[in-house]
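Visitor: turn this into a model:
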Amino acid sequence: MFHISAKKNLLATALLLCLPLAAQAQDYPTRPITFVVPFGPGSATDQLARAIGQGVTEQSGQVVVIENKPGASAMIGASDVARAAPDGYRVLITTNTSQSANPHLYKKLSYDPIKDFEPVTLLGTGGQIMVVNPASPAKTVEDFIKLAKENPGKLTFGSGSSSSRIAGELFQQMAGVELLHVPYKSNPLVISDLLGGQIDMMMADMATGLPQAQSNKLRALGVTTSKPSPLAPTVPTISSAGVPGYEMGYWFGAYVPANTPAPVVSKLHDLLVGATTRAAATQFYTQTGTQPVTSSPAELADFQKAETEKWGIIIKKADIKPS
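Guide: Just a heads-up that it's a prediction; the model follows:
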């Protein structure tokens, strides 16, 4: 058995070890925070990260640096944060692509979506818009389906995220058509090729696709949500325009490396949630039709688990084989 003096020494040592963590949480953040975005500049995630970053800066006085690390279906950016120091200064601003869909799309990931991260908070949910080049003969969803059935496997659809890809895959399955998938590093790159006529269709997030449709650079055929978007009330839902029951969406969330001290996660959580109500974020939500949704870390963990199961069912049903 320990002597009383030994117990006191152990207690004193434990308290000393806890002091740096307590001080770290109390002072956090004391230097710039980096938001790692696993998609390219101009993507919806990038736009949200910049808006949230501005809100965090307004509250904390610390600069937020946005670092885009696109590619490999968000794996490059996610892996970067998974390997970072667990101190709250490198934050992954991501989507269901890296955290829920990739485990079903790839045989081997360079990170573990659950074990390698501490969830912080949800940041929003949204829908997508089906867009084609204005030169396309398809003026409606039904037109596109008819065109695809007349040319099986010849029409292409591009995607720069799992959300975009699975929306296209689900469309194929439910509409009974065969399209050729063309992968990209990020959704803005897909938009560029769609504008140039290199591909035929895209399921774009509203932040990326809607401005192009509103300026008539692309033609909107339908939205993936169950109800029309208030931002594009004249664009029908895909479900009502030819594919009954079709519905798809995406979500944003913030994560830090596993073993980040709970007090730091809590402080970062409060900063991020506070940022969602600031002017820059409110403008993003309003202009993109994204719903501002936040959560506790535990709620995000539960939500991610449920979403991973849901995406797994969709991917399996679409007969997508892990690569």
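Visitor: which parts of the stretch 1-150 of the chain are strands?
Guide: 33-37, 64-68, 90-95, 117-126, 128-132 (DSSP state E, counting those that start in this stretch).
Visitor: okay, the longest one in PDB with CA atoms only?
Guide: Put plainly, it is strand 117-126. Provided in PDB are the C-alpha atoms of strand 117-126 (Å, rounded to 0.1, in the frame of the first residue of the first chain):
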ATOM      1  CA  PHE A 117     -11.000  12.800 -34.900                       C
ATOM      2  CA  GLU A 118     -12.800  14.500 -32.100                       C
ATOM      3  CA  PRO A 119     -16.200  15.900 -33.500                       C
ATOM      4  CA  VAL A 120     -16.800  19.500 -32.600                       C
ATOM      5  CA  THR A 121     -20.100  20.600 -34.200                       C
ATOM      6  CA  LEU A 122     -22.400  20.400 -37.200                       C
ATOM      7  CA  LEU A 123     -22.300  23.600 -39.300                       C
ATOM      8  CA  GLY A 124     -25.200  23.100 -41.700                       C
ATOM      9  CA  THR A 125     -27.200  21.000 -44.100                       C
ATOM     10  CA  GLY A 126     -28.200  21.600 -47.700                       C
END
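Visitor: show me the beta-bridge partners of the one residue sitting closest to the centre of the chain.
Guide: For the chain, the residue sitting closest to the mean C-alpha position, by Cα atoms, centre = their mean, is Thr95 at 2.0 Å. Beta-bridge pairing of Thr95, defined through DSSP bridges, involves Phe252.
Visitor: for stretch 201-221, the distance to its chain's centre please.
Guide: With Cα atoms, centre = their mean, to the nearest Å as the basis, stretch 201-221 stands 18 Å off its chain's centre.
Visitor: rewinding a little: state the pLDDT value of the residue nearest to the centre of the chain.
Guide: The model reports Thr95 with a pLDDT of 94.
Visitor: reformat the strands of the stretch 1-150 of the chain as TSV; add distance to Pro103.
Guide: Using the backbone N, CA and C atoms, a C-beta is placed for each residue, glycine as well. TSV is the format used below for the strands of the stretch 1-150 of the chain (distance: least, Cβ to Cβ, whole Å):
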stretch	distance to Pro103
strand 33-37	19
strand 64-68	23
strand 90-95	14
strand 117-126	13
strand 128-132	21
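Visitor: of those strands, give the one that comes closest to Met75.
Guide: Proximity to Met75 (Cβ to Cβ) singles out strand 90-95 among the strands of the stretch 1-150 of the chain, at 10.7 Å.
Visitor: end to end, how far does stretch 229-245 reach?
Guide: 17 Å (Cα to Cα, to the nearest Å).
Visitor: quick check: buried residues in it?
Guide: 229, 231-232, 235-239, 241-243 (16 or more other Cβ atoms under 10 Å).
Visitor: of those, closest to Pro29?
Guide: Nearest to Pro29 among the buried residues of stretch 229-245: Leu231, at 34.1 Å, using Cβ to Cβ.
Visitor: is it possible to get JSON lines of the buried residues of stretch 229-245 that adds distance to Lys108 and secondary structure?
Guide: Output for those, formatted as JSON lines (distance: Cβ to Cβ, whole Å; DSSP: H, G, I helix; E, B strand; the rest coil):
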{"residue": "Ser229", "distance to Lys108": "37", "secondary structure": "coil"}
{"residue": "Leu231", "distance to Lys108": "39", "secondary structure": "coil"}
{"residue": "Ala232", "distance to Lys108": "39", "secondary structure": "coil"}
{"residue": "Val235", "distance to Lys108": "39", "secondary structure": "coil"}
{"residue": "Pro236", "distance to Lys108": "40", "secondary structure": "coil"}
{"residue": "Thr237", "distance to Lys108": "37", "secondary structure": "strand"}
{"residue": "Ile238", "distance to Lys108": "33", "secondary structure": "coil"}
{"residue": "Ser239", "distance to Lys108": "35", "secondary structure": "coil"}
{"residue": "Ala241", "distance to Lys108": "39", "secondary structure": "coil"}
{"residue": "Gly242", "distance to Lys108": "38", "secondary structure": "coil"}
{"residue": "Val243", "distance to Lys108": "33", "secondary structure": "coil"}
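Visitor: low pLDDT regions in the stretch 1-150 of the chain?
Guide: 1-25 (pLDDT under 70).
Visitor: what do you get if the cut-off is 50, keeping everything else the same?
Guide: 1-8, 18-19 (pLDDT under 50).
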